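**Student:** Sequence first, predicted coordinates after that:
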Amino acid sequence: MTSPAAAVASVRDVSKTFGARKALNGVSVEVGAGEMVALIGPSGSGKSTLLRSITGLQSIDPGKGSIAVFGEVVQKDGRVTGKVRAARQKLGMIFQQFNLVGRLSLFSNVMLGCLGRIPAWKGTLGLWPSADKLKAMEALHRVGVADYAAQRANTLSGGQQQRGAIARALVQGARAILADEPVASLDPVSARKVMELLVELNQRDGLGVIVTLHQVDYAIRYCDRVVALQAGKVVYDGPSTGLDTKRLIEIYGPEFEDAFWETKA
Amino acid sequence: MTDAAPVASAIPKPPARSAGSWALDVLVWGGIAALLLYSIEAVDLANLPQLVTNSDRIQTFAADLLRPDFSDWRLFVAKMWETVQIALWGTFLAVFLGVPLGLAAARNIAPIWVVTPVRWVMNLLRSVPDLVMGLLFVVAVGLGPLAGVLAITLNTAGVLAKLFSEAVESIDKGPVEGVRATGALPLHEIMWGVIPQVAPLWTSFALYRFESNSRSATVLGLIGAGGIGQVLFERMNSFDFNGVSAVVIIVIVAVTLIDMLSQAMRKRLL
């Protein structure tokens, strides 16, 4: 059994190579339960690779690197372990492109959240328990898109789809949210709503949140802790208040102001 | 700022075709022409004038065809219906086989050691013409519609599996990862991430095959595999061209109707 206080993710000395490029180069990060952490860094710095490695959507390089989720090892010596499905169920994954199934209704998409914890044959046939159906509507209501439950996901706007994806994570009963550029494809208003939802889930529900962001101002405004990657290495790990211009130039290079979406106050 | 007139020497020449590319064209087209000339004798092209010299024979034949004899129409319609039923069952069983084969032959979801042998089986199924399959099944299960159904099933399963697998290979992997990330089983990923994406295309392929199977089921009757083709063959052998004409008209009407129906359904799907 995992204790509730176990870390959301313990990443130890993880590397990942794509061809000749090292996307992750000896990364170690520990994210505690209930933390809200922003992962920042220039494009190609390894942010998404790190998140995808934590959920086991992609394997890490063989060697001494390992990843544990809520105390259970999900990746070791370049292999995704058998514990990964149980771990994924505890992690709600939010993607930049939402990754809802476009031809299914928003409701069905949210119901997919319970696939990991109901009997396999029921999940295959879509025989959702009625308690979960209620839970799904509750989640959709909470994120503010319950009115669109019957609509096909691909008829909805990006912001609505992303909130649907968060509802799916809620139905999943996730204890932490991993969000990979959740706002990069959204207009500023929807982006803010989604970020505020993530903050609410963190503060009110005590969910751990790891979010990769292109926009440094979002990271500073919404997250207490920031981990910055550059060329696959952690170059900053500390409070978001510690990110001054000098640090940001180190992370992004002299053009770091491009990383700001809105003008800095 | 004034625009300077372009200097002639600075403008590159239009691209010219290389001698190699010309030679290749000559070789390919010349080769096709040579092959056609060489094959004239084999296909009895010299007999072409008989189309005109034997025109009296054609005239009687055409005259009979213009006077279709519908006195046996009950039999014809019943047999046509049987042909459609053969196509219906053949296509249904083919879809049944084609779905697992198509999934197993898709490189993006099945491992290569599954994909390769499955593709071999699919190629084999497709490369045997359904008329040959029909002959084999007539031997196996006897004369009658079941032989037709089985022949259509195997041939169509090969075709559908290929089309299905190509549809699967072109899906967006994002939604599949979305399903995987919830802690779902691989079966769930296929059921909820893959199938919804390919369902319209798959249905459209299956309907299209039903259309063409209604046509090929007609031909299958000629080898004793049931349906309207058998009647056509019998009338042809007894020189009852008025009856043949009636059968052909019924086939054309039925196939056209099925075409229209299935096209209308496919349009709605996509």
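**Tutor:** Structure received. Residues are numbered from 1 along each chain as shown, chains lettered A, B, ... in the order given.

**Student:** how near is the closest residue to B:Gln263 other than its chain neighbours to chain A?
**Tutor:** Excluding its sequence neighbours, the residue lying closest to B:Gln263 (C-beta to C-beta, 6 or more residues apart in numbering or on different chains) is B:Glu211, at 7.8 Å. All C-beta spots, glycine's among them, are computed from the backbone N, C-alpha and C. In this view, B:Glu211 and chain A are 24 Å apart by C-beta to the nearest C-beta, to the nearest Å.

**Student:** Ok, B:Gly98 next?
**Tutor:** From B:Gly98 to chain A the distance is 20 Å (C-beta to the nearest C-beta).

**Student:** Pick out the residue of chain A closest to chain B.
**Tutor:** Residue of chain A nearest chain B, by C-beta to the nearest C-beta: A:Gly116 (2.7 Å).

**Student:** That residue contacts B:Val179, doesn't it?
**Tutor:** No - between A:Gly116 and B:Val179 there is no contact under C-beta atoms under 8 Å: 10.1 Å.

**Student:** Those two: which is more packed in?
**Tutor:** With neighbours defined as other C-beta atoms under 10 Å in any protein chain shown, A:Gly116 and B:Val179 compare such that B:Val179 has more, 28 against 22.

**Student:** Show me what from the stretch 151-270 of chain B comes close to chain A.
**Tutor:** Contact residues, the stretch 151-270 of chain B versus chain A (C-beta under 8 Å from any C-beta of the partner chain): B:174-175, B:177-185, B:187-188, B:191-193, B:196-197, B:199-200.

**Student:** and the residue of chain B found nearest chain A, how many residues sit next to it?
**Tutor:** Of all residues in chain B, B:Gly183 sits closest to chain A, at 2.7 Å by C-beta to the nearest C-beta. B:Gly183 has 24 neighbouring residues, counting by other C-beta under 10 Å.

**Student:** That one belongs to a helix, doesn't it?
**Tutor:** No - counting by DSSP: H, G, I helix; E, B strand; the rest coil, one finds B:Gly183 to be coil, located in no helix.

**Student:** Need phi/psi at it.
**Tutor:** phi 90, psi 20 (degrees, to the nearest 10).

**Student:** Now do the same contact list for the closest residue to it other than its chain neighbours.
**Tutor:** Distances taken as C-beta to C-beta, 6+ apart place A:Gly116 nearest to B:Gly183, at 2.7 Å, with adjacent residues excluded. A:Gly116 is in contact with A:85-86, A:88-89, A:172, B:182-184, counting by C-beta atoms under 8 Å, 6 or more residues apart in numbering or on different chains.

**Student:** which element is A:Gly116 on?
**Tutor:** In this assignment (DSSP states H and E), A:Gly116 forms part of neither any helix nor any strand.

**Student:** Could you pull up phi and psi at it?
**Tutor:** According to degrees, to the nearest 10, A:Gly116 has phi -70, psi -20.

**Student:** pLDDT below threshold where in chain A?
**Tutor:** A:1-5, A:257-265 (pLDDT under 70).

**Student:** Show me which residues of it are close to chain B?
**Tutor:** A:55, A:57, A:85-93, A:95, A:97-104, A:112-117, A:120, A:123-124, A:126, A:165, A:168, A:172.

**Student:** which of those residues are buried?
**Tutor:** Burial by neighbour count, 16 or more other C-beta atoms under 10 Å in any protein chain shown: within the residues of chain A next to chain B this picks out A:55, A:57, A:85-93, A:95, A:97-104, A:112-117, A:123-124, A:165, A:168, A:172.

**Student:** taking these one by one, which sit in helices?
**Tutor:** Cross-referencing those against helices under DSSP state H gives A:85-90, A:123-124, A:165, A:168.

**Student:** Do you have the helices of chain A handy? List them.
**Tutor:** Going by DSSP H, chain A shows helices at A:47-54, A:84-90, A:106-111, A:120-125, A:130-143, A:158-171, A:188-203, A:216-222, A:245-252.

**Student:** who wins for proximity to B:Ala217 among these?
**Tutor:** B:Ala217 sits nearest to helix A:120-125 of all the helices of chain A, at 33.6 Å, using C-beta to C-beta.

**Student:** Summarise which helices and strands that closest one is packed against.
**Tutor:** If contacts are counted by 3 or more C-beta pairs under 8 Å, 6 or more residues apart in numbering or on different chains; DSSP states H and E, helix A:120-125 sits against helix B:186-188.

**Student:** which strands and helices sit next to the following helix or strand past the helix it packs on?
**Tutor:** Per DSSP H and E, the first helix or strand lying C-terminal to helix B:186-188 is helix B:195-220. Contact here means 3+ C-beta pairs under 8 Å, 6+ apart; on that basis helix B:195-220 packs against helix B:73-104, helix B:130-141, helix B:145-169, helix B:228-237, helix B:241-269.

**Student:** rerun that using 10 Å as the cut-off
**Tutor:** Helix B:195-220 sits against helix B:73-104, helix B:130-141, helix B:145-169, helix B:173-180, helix B:228-237, helix B:241-269, with contacts defined as 3 or more C-beta pairs under 10 Å, 6 or more residues apart in numbering or on different chains; DSSP states H and E.

**Student:** looking at the ones you listed, which is buried most?
**Tutor:** Mean neighbour counts were taken over these using mean count of other C-beta atoms under 10 Å in any protein chain shown, and the top value, a mean of 24, falls to helix B:145-169.

**Student:** Now do that helix and helix B:73-104, the angle between them.
**Tutor:** 40 degrees (axes from the mean of the first three to the mean of the last three C-alpha atoms, to 10 degrees).
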